[in-house]
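# Structure of the sequence below:
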Amino acid sequence: MKEILERNREAVREAGRRLVEIGAELAAGKIDEALARLETAQQTYREWEELDRATADIEGVIRDREGMLAVQHVLGELVGTVLGAALRSGLP
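Below is the predicted model:
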């Protein structure tokens with residue numbers, strides 16, 4: 001992450017300036033103005049919101065897949081244990 005920030009120093013500076021402006025509005029009690037500024041920024045970067053949502057969806061699918069694989073692993077072990085016990089009980 002540090003490398004990305006270093007490669008984009010001007011964007012980082014601009015983001016810092018905007019954060020200071022919003023912080024100043026909040027510190028002055030201008031909550032509505034700060035929220036309006038944030039809403040304007042969000043409207044400007046609507047595509048980023050869609051990308052964030054897609055990223056979250058993908059991460060959810062990966063978590064679900066990992067959970068499903070863990071369940072399959074546990075079930076496989078249980079089946080192996082049951083089969084092993086059944087085979088052992090049938091042996092003389």
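# could you point out the longest helix in the chain?
Longest among the helix segments of the chain by residue count, using DSSP state H, is helix 46-90.
# where's that helix relative to the chain centroid, distance-wise?
19 Å (Cα atoms, centre = their mean, to the nearest Å).
# Any regions of the protein where pLDDT drops low?
Along the chain, segments meeting pLDDT under 70 span 91-92.
# helices or strands up against the longest helix of the chain?
If contacts are counted by 3 or more Cβ pairs under 8 Å, 6 or more residues apart in numbering; DSSP states H and E, helix 46-90 sits against no helix or strand. For the C-beta atoms, the positions are set from N, CA and C on the backbone; glycine is no exception.
# Spatially central residue in the protein, please.
Taking Cα atoms, centre = their mean, the centroid of the chain lies closest to residue 56, which sits 5.1 Å from it.
# was I right about residue 33 contacting residue 27?
No - the criterion here is Cβ atoms under 8 Å, and residue 33 misses it with residue 27 at 11.7 Å.
# Tell me which of these two has more neighbours.
residue 33 (14 against 9; other Cβ atoms under 10 Å).
# OK, contacts around that one?
By Cβ atoms under 8 Å, 6 or more residues apart in numbering, the contact list for residue 33 reads residue 25.
# can you tell me how far the residue nearest to the centre of the chain sits from residue 10?
28 Å (Cβ to Cβ, to the nearest Å).
# where's residue 24 relative to residue 43, distance?
Following Cβ to Cβ, the distance that separates residue 24 from residue 43 is 22 Å.
# neighbouring contacts of stretch 6-14?
Contacts for stretch 6-14 (Cβ under 8 Å, 6+ apart): residue 5.
# Can I get it as PDB, trimmed to CA atoms?
The C-alpha trace of stretch 6-14 is given here as PDB (Å, rounded to 0.1, in the frame of the first residue of the first chain):
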ATOM      1  CA  GLU A   6       4.300   6.900  -3.000                       C
ATOM      2  CA  ARG A   7       3.700   6.500  -6.700                       C
ATOM      3  CA  ASN A   8       0.600   8.700  -6.500                       C
ATOM      4  CA  ARG A   9       1.900  11.500  -4.300                       C
ATOM      5  CA  GLU A  10      -0.100  14.300  -5.900                       C
ATOM      6  CA  ALA A  11      -3.400  12.300  -5.500                       C
ATOM      7  CA  VAL A  12      -2.500  11.600  -1.900                       C
ATOM      8  CA  ARG A  13      -1.900  15.400  -1.300                       C
ATOM      9  CA  GLU A  14      -5.200  16.200  -2.900                       C
END
